[in-house]
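Novice: Sequence plus predicted model, see below.
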Amino acid sequence: MDDLNEPILPGTAATDYERYLRTDELLSLQKAPGEVVHHDEHLFQTVHQSSELWLKLACLELAAATSLIDVDRPSKAVRLLRRANDAVALVTRHLHMLDHLSPIDYAVVRTALGHGAGFDSPGFRQVHHLSPAAGDAFVRLRARRRVSLLEVYEHADEADDLYQLAEQLLTWDERVIEWRFHHLKIVERIIGGHVIGTQGTPVEVLGKRIDVRFFLELWAIRDEITRRSPRGADGHGNG
């Protein structure tokens, strides 16, 4: 009988758990204690490396969802988008581990970053690269079904798969905006709001980039629905 405690996967680690997750490599990606300029580099690297993993997963799911939308499988796309949205929410929550950094300590950590900046995040770049394609795929899907976005919302019961898809795409937009906002607040908390970043970019620029929206029509349809409503039409609807 096989010994179930003995590893059978390829690799040199002591267990299949370690071999499958490649923990030897993963846990060697952080600086060793003797290599850091400050103890809090461990915190800084952990937050950002884990964020890149979650963003990678989110973007994989977003890309897969886009492909599913293009082959008329919106319900399955919704499942993947929901997962992607939760991954981005995790990234935002993890950011707040950086609340434990004091400005004095980060000033030392910052000396080890070179010209590194959040704008260079592979995950951040992928989010901006892949998101417009998801919106375009949704437009093509509606065209194939000969339904307008307004009709998706007006007849949500009959077009539930399209409605759920629209809402998950909007949630993606919202989660990315929230992530940018919390990132700015973390930056302001640690280094201030009126200083220059590691690449010579003023922190104020981050504030101007918070409300970048990928799916403008999904936001605009709310305006149209409200204007068409009885209270919206009389100009007295305030929410």
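Specialist: Sure thing, it's come through.

Novice: This protein: helices as residue ranges?
Specialist: Using DSSP state H, the helices found in the chain span residues 16-21, 23-26, 41-70, 74-95, 103-109, 122-145, 149-154, 160-191, 204-208, 216-228, 230-233.

Novice: Number of residues surrounding Leu57?
Specialist: 18 (other C-beta atoms under 10 Å). For the C-beta atoms, the positions are set from N, CA and C on the backbone; glycine is no exception.

Novice: what sits against the closest residue to it other than its chain neighbours?
Specialist: Spatially, and ignoring its direct neighbours in sequence, Leu57 is nearest to Ala87 (5.2 Å; C-beta to C-beta, 6 or more residues apart in numbering). Taking C-beta atoms under 8 Å, 6 or more residues apart in numbering, we find Ala87 in contact with 54-55, 57-58, 61.

Novice: Of the residues you listed, which is the most crowded?
Specialist: Within the contacts of Ala87, neighbour counts (other C-beta under 10 Å) peak at Ala58, which reaches 28 neighbours.

Novice: what's near enough to touch that residue?
Specialist: Each residue near Ala58 by C-beta under 8 Å, 6+ apart is listed here: 83-85, 87-88, 91, 123, 127.

Novice: what's the closest of the residues you listed to Ala117?
Specialist: Of all the contacts of Ala58, Gly123 has the smallest distance to Ala117: 13.6 Å, by C-beta to C-beta.

Novice: ok, back up a step: state the pLDDT value of the residue nearest to Leu57.
Specialist: Note for Ala87: predicted pLDDT of 98.

Novice: cool, and Gln45?
Specialist: We have a pLDDT of 96 for Gln45.

Novice: Verify the stated contact: it with Lys31.
Specialist: Yes. Gln45 lies in contact with Lys31 (C-beta atoms under 8 Å); the separation is 6.6 Å.
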